[in-house]
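Peer 1: how does the following fold in three dimensions:
(one chain, ligands or ions: 1)
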Amino acid sequence: MKFKNIHFIINPISGKGKGKEVIRKIYSLFPKENIKIKITQKKQDAFDFTIQSVHENADLIVSCGGDGTLNEVASALINQEVPLAIVPIGSGNGLARHLNISLNEEQALQNILNSKYNIEKIDCGKINDTYFFSNAGLGFDATVVKIYSQQKQRQFVGYLKCLFFSIFKYEPIKISVNSKSINYTGKIMMLNISNSNCMGYGFSISPKASLQDGEFDINLVEKCSWAMFSWIGISFLLNKKLSKKRRQFNSSQLTIETSAKYMQIDGEYHILNSKRLQISLIPNSLNVLVN
Ligand SMILES: Nc1ncnc2c1ncn2[C@@H]1O[C@H](COP(=O)(O)OP(=O)(O)OP(=O)(O)O)[C@@H](O)[C@H]1O
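Peer 2: Predicted coordinates:
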């Protein structure tokens, strides 16, 4: 095995408690002298444990959890040499899918053990003081995530239900977006900023997004009727533009002024405490094991 001091950061409740099963598998697969296991108990633990692991000279840090845990571990590794590996046990797993990491936890662990992955540098995103790795959004997708975060059914069917309920809850929001490629002020249905090409569950609204191109792939959907928005939803599935209300552009820097009270960041619900969002891409800032 290539790595001699692997630290596993495990969220035991991720993916309906799959984390506990992962702990057993790690102990059965990896030599004890080469590993350290840290189990999170609450939000922020994964971030703090990762910072600690860097100081303890870990040569690989493995996030075993969903997108929330992954966001915390990766945020602590920006501009550090030590690489990140992912054992995806959440529900969406957007970044892991983009990186072609096995969604079977035992296989993902075997691939780390047998050094099947390569180390590559990827771009990361920053919104004010918060990092993101997969995608972030304001408007409709944020409403879906907000409703999803309040319910217990954390699987695809649950997600579809939230999508349906969001149609009745959602109100278009006022926004002003400024970047080198677009200046837009008006009401929107949604604004999604993608670093990776996958939002979770294999679903993508920006299939050309690359983690290594130095730019975000951005989709802005202007306020429109629900019939038109549904049509645009179909355009996302077919990967065709189909409507002038959907604008697509690339940028590495954006400034947003918004009346929105919340947004989604890597599929997690975030309350906004500022009306001004400074969004920037940090190129080649994270070392990740990829397939
Ligand atoms: N022991 C714990 N008990 C309760 N919550 C925890 C614990 N450890 C971490 N958390 C928090 O649990 C939340 C959800 O974690 P995570 O996203 O990894 O799993 P998930 O919700 O199953 O996956 P996904 O986000 O892909 O649906 C995170 O906000 C994390 O900080």
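
Peer 1: worst-scoring helix or strand of this protein, pLDDT-wise?
Peer 2: Lowest by mean pLDDT, DSSP states H and E among the helices and strands of the chain is helix 156-169, with a mean of 75.

Peer 1: next one: that one to chain centre, how far?
Peer 2: Helix 156-169 sits 19 Å away from the centroid of its parent chain (Cα atoms, centre = their mean, to the nearest Å).

Peer 1: can you give the strand pairings for whichever helix or strand comes after it, parallel or anti for each?
Peer 2: Using DSSP states H and E, the helix or strand that follows helix 156-169 in sequence is strand 173-178. If you go by DSSP bridges, strand 173-178 pairs up with strand 183-194 (antiparallel), strand 253-258 (antiparallel).

Peer 1: hang on, K261 packs against I271?
Peer 2: Yes. The pair K261 / I271 is scored as a contact, 6.8 Å apart, by Cβ atoms under 8 Å. The way it works is simple: take the backbone N, C-alpha and C, and place the C-beta from them, glycine included.

Peer 1: comparing the two, which residue is more hemmed in?
Peer 2: When K261 and I271 are compared for neighbours, K261 comes out ahead with 12 against 8, by other Cβ atoms under 10 Å.

Peer 1: for L238, give its distance to the ligand.
Peer 2: Look at L238 and the ligand: by Cβ to the nearest ligand atom, to the nearest Å, they are 26 Å apart.

Peer 1: and that residue, how far from F156?
Peer 2: Distance from L238 to F156, counting by Cβ to Cβ, to the nearest Å: 20 Å.

Peer 1: the two: who's more crowded?
Peer 2: F156 (14 against 9).

Peer 1: so what's L237 up against?
Peer 2: Taking Cβ atoms under 8 Å, 6 or more residues apart in numbering, we find L237 in contact with no residue.

Peer 1: then E257?
Peer 2: E257 makes contact with 175-176, 275-277 under the criterion Cβ under 8 Å, 6+ apart.

Peer 1: if we go to 10 Å?
Peer 2: For E257, the contact set (Cβ atoms under 10 Å, 6 or more residues apart in numbering) comprises 174-178, 185, 274-277.

Peer 1: ditto for E106
Peer 2: Neighbours of E106 in contact, by Cβ under 10 Å, 6+ apart: 21-22, 25, 28-29, 87.

Peer 1: equivalent analysis for G90, please.
Peer 2: Counting by Cβ under 10 Å, 6+ apart, G90 touches 11, 14-16, 18-19, 63-70, 96, 103, 154, 200, 267.

Peer 1: now the residues you listed: which count as buried?
Peer 2: 11, 14-15, 18-19, 63-70, 96, 154, 200, 267 (16 or more other Cβ atoms under 10 Å).

Peer 1: out of these, which sit inside strands?
Peer 2: Using DSSP state E, 63-65 are the members of the buried ones among the contacts of G90 that sit in strands.

Peer 1: can I get the one helix or strand D123 maps to in CSV? Just the C-alpha atoms.
Peer 2: Per DSSP H and E: D123 is located in strand 118-127. Extracted in CSV, the C-alpha atoms of strand 118-127 (Å, rounded to 0.1, in the frame of the first residue of the first chain):
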residue,chain,number,x,y,z
ASN,A,118,-4.5,8.7,-9.2
ILE,A,119,-3.9,12.0,-7.4
GLU,A,120,-5.1,15.0,-9.4
LYS,A,121,-5.6,18.7,-8.5
ILE,A,122,-9.1,20.1,-8.9
ASP,A,123,-10.6,23.6,-8.7
CYS,A,124,-12.7,24.7,-5.7
GLY,A,125,-15.3,27.3,-5.3
LYS,A,126,-15.8,29.9,-2.6
ILE,A,127,-18.9,31.9,-1.6
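
Peer 1: partners of the next helix or strand after it, with directions?
Peer 2: As assigned by DSSP H and E, the chain's next helix or strand after strand 118-127 is strand 130-132. Strand 130-132 has its sheet partners listed here by DSSP bridges as strand 118-127 (antiparallel).

Peer 1: thanks a lot, see you next time.
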